[in-house]
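**Student:** let me see the structure of the following:
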Amino acid sequence: MQKILAMLLLALALPALAAVDVAGVKFDDTQKVGAGDTVINGAGLRSRVFFKVYAIGLYLPQKAATTAEVLAAKGARRIAIVTLRELSAEDFVNALLDALKKNHDEATLKTLQPRIDQFRSAMLTIGTAPEKSVVNLDWLPESGTRLSFNGTPKGGDIAGEDFYRALLRIWLGDQPAQDDLKEKLLGKTP
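**Tutor:** Numbers count the residues shown, from 1 in each chain. Model prediction:
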């Protein structure tokens with residue numbers, strides 16, 4: 001009887017180990033980011049009005065339940081974004097930068113500005129991102145923030161972990177891009 005109960009419990013636990021599906025986009029449970037191994041912390045849907053804009057997954061070295069824990073995490077990290085509609089790079093980066101500004105004071109933004117400009121320039125090289133495009137924002141401890149589009153790096157790596165933390169605050173800050181999305185990226189299911 002104990003053996004049957006153990007097998008039943010294992011079978012019930014298996015769906016929790018499956019890849020996370022957001023609007024038809026599957027986020028693997030784990031991803032290699034640079035030299036580091038990461039696990040999916042949470043994933044959700046970014047929507048505007050009635051439109052699905054993108055699916056997003058947050059990968060960390062280990063699970064974290066709060067913004068403070070995510071920001072303090074050590075090691076490689078990834079913000080994985082899959083577009084659910086065609087997006088112009090200019091509209092996309094402008095939306096990200098607006099959210100960045102909402103979550104930082106003037107002094108911090110001034111310190112980050114050269115790297116914000118570098119990030120914006122790299123994003124603009126994308127031009128147009130068709131539906132199902134993959135945008136990864138990786139933190140690589142050895143070199144900085146790396147933007148890649150469909151697997152191809154764009155621009156040079158951007159130095160400073162403070163810049164990557166600033167990007168994380170777009171979705172996890174006090175004024176996140178979308179409240180329910182913040183909760184999902186933190187592994188909560190509201």
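**Student:** leaving out sequence neighbours, find the closest residue to the most centrally placed residue in the chain.
**Tutor:** With distances taken as Cα atoms, centre = their mean, the chain has Ile79 as the residue nearest its mean C-alpha position (2.2 Å). Closest residue to Ile79 apart from its sequence neighbours, by Cβ to Cβ, 6 or more residues apart in numbering: Leu137 at 4.2 Å. Where C-beta positions appear, they are placed from N, C-alpha and C, glycine not excepted.
**Student:** surely the one you found is in a helix?
**Tutor:** No. Counting by DSSP: H, G, I helix; E, B strand; the rest coil, Leu137 is not found in a helix; it is strand.
**Student:** I figured it hits Leu147, correct?
**Tutor:** Yes. Assessed by Cβ atoms under 8 Å, Leu137 is found in contact with Leu147 at 6.0 Å.
**Student:** what is in contact with the two at once?
**Tutor:** The contact sets of Leu137 and Leu147 do not overlap (Cβ atoms under 8 Å, 6 or more residues apart in numbering).
**Student:** quick one, strands of the chain?
**Tutor:** 20-22, 25-27, 30-33, 36-48, 51-60, 77-83, 87-88, 128-129, 134-140, 144-149, 152-158 (DSSP state E).
**Student:** what does the fourth one rub up against?
**Tutor:** Right, strand 36-48. 20, 22-23, 27-32, 52-64, 70, 75-78, 84, 140-141, 177-178, 180-181, 183-188.
**Student:** give me the number of residues near the residue nearest to Arg169 when sequence neighbours are not counted?
**Tutor:** Spatial nearest neighbour of Arg169, excluding adjacent residues (Cβ to Cβ, 6+ apart): Asn103 at 4.1 Å. Using other Cβ atoms under 10 Å, Asn103 is surrounded by 20 other residues.
**Student:** just Asp105 next, same as before
**Tutor:** Based on other Cβ under 10 Å, the number of other residues close to Asp105 is 8.
**Student:** in this protein, what helix or strand scores lowest on average pLDDT?
**Tutor:** Using mean pLDDT, DSSP states H and E, helix 2-17 stands out as the lowest-scoring helix or strand of the chain, at a mean of 43.
**Student:** got the end-to-end distance for stretch 146-157?
**Tutor:** 5 Å (Cα to Cα, to the nearest Å).
**Student:** okay, and the beta partners of Arg77?
**Tutor:** In this structure, Arg77 bridges to Trp139 when assessed by DSSP bridges.
**Student:** residues near it, how many?
**Tutor:** Using other Cβ under 10 Å, the number of residues around Arg77 comes to 28.
**Student:** kindly report the same for Leu147.
**Tutor:** 22.
**Student:** thought it was touching Phe163?
**Tutor:** No. Using Cβ under 8 Å, Leu147 makes no contact with Phe163, being 11.3 Å away.
**Student:** what lies in contact with the longest helix along the chain?
**Tutor:** Using DSSP state H to define each element, the chain has its longest helix at helix 106-124. With contact meaning Cβ under 8 Å, 6+ apart, helix 106-124 is reached by 89-90, 92-93, 96-97, 100-101, 104, 145, 147, 154-156, 158-160, 162-163, 166-167.
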